[in-house]
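>>> next input, structure requested:
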Amino acid sequence: MSKAREVGLDLVEVAPTSDPPVCRIMDYGKWLYQQKRKIREAHKKSQRHAATLKEIRLRPETDKHDLDIKLNHAREFLEKGHKVQFTMFFRGRQMLHKDKGYAMLEQIAESLQDLAKVERPGRMAGRRMTLLLVPR
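Numbers count the residues shown, from 1 in each chain. Presented below is the predicted three-dimensional model:
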């Protein structure tokens, strides 16, 4: 048995129109696999930049330190090109203090203004208040 049979090499016609036609000895199955991989990788890279909506949930009593951590997460999302929606949930008597919620969302928009612009300002919808930021 020859070496070519063990490795799985094929005689592939590379340039049939040239005179004389050019052929190459190669593993055709492996070459096809590599071509498919290249196409798949190129497709993955083009898909990565699609902006998706990331949601960060809050409450009116969210502590300063917890808010800072959530702002850092939002900063990372915005740097990657994603939209960020801050959603603040109100329960029971918290509904009486909507002004706290608006103040907190305003503070968030102000702290992220270097990276993002406000697409939809804070507004109430039932028991939740939302703010939508998009990268600059």
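>>> residue 129 reaches residue 122, doesn't it?
Yes. Assessed by C-beta atoms under 8 Å, residue 129 is found in contact with residue 122 at 5.6 Å. For glycine as for every other residue, the C-beta is placed from the backbone atoms N, C-alpha and C.
>>> which neighbours do those two share?
Common contacts of residue 129 and residue 122 (C-beta atoms under 8 Å, 6 or more residues apart in numbering): 101-102, 105.
>>> redo these as TSV? Include distance to residue 94, secondary structure and pLDDT.
As requested, the shared contacts of residue 129 and residue 122 are exported to TSV (distance: C-beta to C-beta, whole Å; DSSP: H, G, I helix; E, B strand; the rest coil; pLDDT from 0 to 100):
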residue	distance to residue 94	secondary structure	pLDDT
101	8	helix	90
102	13	helix	91
105	14	helix	91
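>>> so for stretch 68-76, what gets flagged as buried?
70-71, 74-75 (16 or more other C-beta atoms under 10 Å).
>>> just the ones of the residues you listed in helices?
For these, membership in helices holds for 70-71, 74-75, with DSSP state H as the criterion.
>>> closest to residue 89 among the residues you listed?
Nearest to residue 89 out of these is residue 70 (C-beta to C-beta; 13.5 Å).
>>> put the buried members of the shared contacts of residue 129 and residue 122 into a PyMOL selection.
Only the buried entries of the shared contacts of residue 129 and residue 122 go into this PyMOL selection, using 16+ other C-beta under 10 Å:
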select buried, resi 101+102+105
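>>> residue 30: which of the shared contacts of residue 129 and residue 122 is nearest?
Looking across the shared contacts of residue 129 and residue 122 and measuring by C-beta to C-beta, the closest to residue 30 is residue 105, at 55.9 Å.
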